[in-house]
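Undergrad: Give me a model of this one.
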Amino acid sequence: MKTKYLIGLLMIMLIFTSGCVEKECEASTDCIDKTCSDVACENSICVYSIISNCCGNDKCEVGEDYTSCFDDCPNCDDNNECTDDSYDYHQEGCVNKLDFDEVCCGNTLCELGEDYNTCTKDCPSCDDNDACTKDSYDYHRQECVNEVIVPCCGNGMCDEGAEDSSSCAVDCPDCDDGNKLTEDSFNHDDQECENVVAYYFIDDFEQGVGNWDFFRDEGWSTEVEEDGNTVLRLIAANGNIPIVLENYIFKFRFKWAEGNMHANFRQGNVDGEYNRYMVGMSHRGVDSLNKQSGKDFQTINNELNVNLDEGWHTLEIRNYNNIINIYADDNLVTIYEDTDNPILSGKVGFEVHTGGSPVTPEYLIDDVEIKIIDEEDIIYP
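TA: You can find the predicted model right below:
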């Protein structure tokens, strides 16, 4: 029984298998022709083999290109005149190699002869919109160069000898700190303001005489001249600046009107004695250098003989330790070294007097300065 069942099952499988197998061909002529392929009928099946170097075999082969066989070969033209376009048969792809042998706009290099105007593809605009830079392109380094122009207002530098805050406020600051006692300048090396204290005292009398001590309420006043300048007018009076100093430069402008005047310096009381140096002045000009120690009056030099006209003049007295230099209108008049108990500190001031004549003494004073002195400012005998 089992044997009959197995024989029947085997026959059914043979029938089914034989029904699924179909013959594709009995000869090669029964096969469909394909471009660039040879065909053969093997075991009732069409077998195709690709023919080499045949346009249409879906392979771009040596000897073929897009022009001769566009079915197999791609168009490798990248529309860039600066590339050599070709097909790599081994890598089976296009190659677009930049050509650097000749100047060409589009090869990514900004080359000599090219600039931003002639080739924007390769060359950048080097204009930094700064009028104080010279703009150029460095072909070797392949980058822009913006060289600062000196001098030039707007280059971020206050150029020495060419600019100041008036001519170029963009680069040069106004170094005026509003303090009359400082000398204001600009340090071009450090590019910053310097405000060095150079004076102990300055007075131009434009704000009155609040900085002065007068020995009586009468005999002095301020007066406005024709040019609008305010000056101190002394008539039979004397006064001083209430500052005691040692070494300094005492300078002022003066104008004679009548009588005589003493310009006092290192003036003060020591141990109950009145001490001072004084420069004697008259209608002639600058006459003498004198010293008072208590009740002792000493004429140091009675022959200064600096003759001046009736206009405005300057007197400058330099004290440094026991050395005194006197200048009239910026000209050195005398040098003195006091080796006999020198007066080394005191106030400065003015004293007008008749000089023994029946007159009312009067002098005009302006632009009084007491300046810090250094040893190099003094001339030794």
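
Undergrad: okay, CA-based contacts and neighbour counts for the rest of this
TA: Noted.

Undergrad: Please determine how far the residue minimising distance to the centre of the chain is located from A131.
TA: What sits nearest the mean C-alpha location of the chain, by C-alpha atoms, centre = their mean, is M157, with 3.2 Å. From M157 over to A131 the distance is 13 Å, taken as C-alpha to C-alpha, to the nearest Å.

Undergrad: got any residues that touch both of those two?
TA: Taking C-alpha atoms under 8 Å, 6 or more residues apart in numbering as the contact criterion, no residue touches both M157 and A131.

Undergrad: coming back round to it: okay, and the residue lying closest to the residue nearest to the centre of the chain once chain neighbours are set aside sits in which element?
TA: Among residues not flanking M157 along the chain, D171 sits closest, at 5.4 Å (C-alpha to C-alpha, 6 or more residues apart in numbering). Assigned by DSSP states H and E, D171 belongs to no helix or strand.

Undergrad: do the same with G239
TA: Short version, using DSSP H and E: G239 is in strand 238-245.

Undergrad: Counting by contacts, list what that strand packs against.
TA: Applying 3 or more C-alpha pairs under 8 Å, 6 or more residues apart in numbering; DSSP states H and E, we find strand 238-245 packed against strand 213-214, strand 346-353.

Undergrad: List the contacts of R253.
TA: W312, H313, T314, L315, I365, D366, D367, V368.

Undergrad: Could you do D329 as well?
TA: Applying C-alpha under 8 Å, 6+ apart to D329 gives the contacts H313, T314, L315.

Undergrad: quick one: which of those residues sit in strands?
TA: H313, T314, L315 (DSSP state E).

Undergrad: Buried among these? Make that a ChimeraX selection.
TA: Here is the ChimeraX selection string for the buried members of the ones in strands among the contacts of D329, based on 16 or more other C-alpha atoms under 10 Å:
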select :313,314,315
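
Undergrad: Out of the ones in strands among the contacts of D329, which comes closest to S166?
TA: T314 (29.5 Å; C-alpha to C-alpha).

Undergrad: before we move on, the earlier item: measure how the strand holding G239 sits relative to strand 346-353, angle-wise.
TA: 170 degrees (axes from the mean of the first three to the mean of the last three C-alpha atoms, to 10 degrees).

Undergrad: which element follows strand 238-245 toward the C-terminus?
TA: Strand 238-245 is succeeded, C-terminally, by strand 248-258 (DSSP H and E).

Undergrad: any residues touching the helix or strand just after that next one, and which ones?
TA: Next along the chain after strand 248-258, taking DSSP H and E as the criterion, comes strand 260-270. Applying C-alpha under 8 Å, 6+ apart, the contact partners of strand 260-270 are 244-246, 250, 274-283, 343-355, 361-363.

Undergrad: For the helix or strand following strand 260-270, which helices and strands make contact with it?
TA: Next helix or strand after strand 260-270 toward the C-terminus (DSSP H and E): strand 273-282. Contacts defined by 3+ C-alpha pairs under 8 Å, 6+ apart place strand 273-282 against strand 260-270, strand 285-293.

Undergrad: Listing partners with orientation, what would you give for the longest one?
TA: Taking DSSP bridges as the criterion, strand 260-270 forms sheet pairs with strand 273-282 (antiparallel), strand 346-353 (antiparallel).

Undergrad: Point out the one among these that comes closest to E102.
TA: strand 346-353 (85.5 Å).

Undergrad: neighbouring contacts of that closest one?
TA: With C-alpha under 8 Å, 6+ apart, strand 346-353 has contacts from 234-246, 250, 259-268, 276, 360-363.
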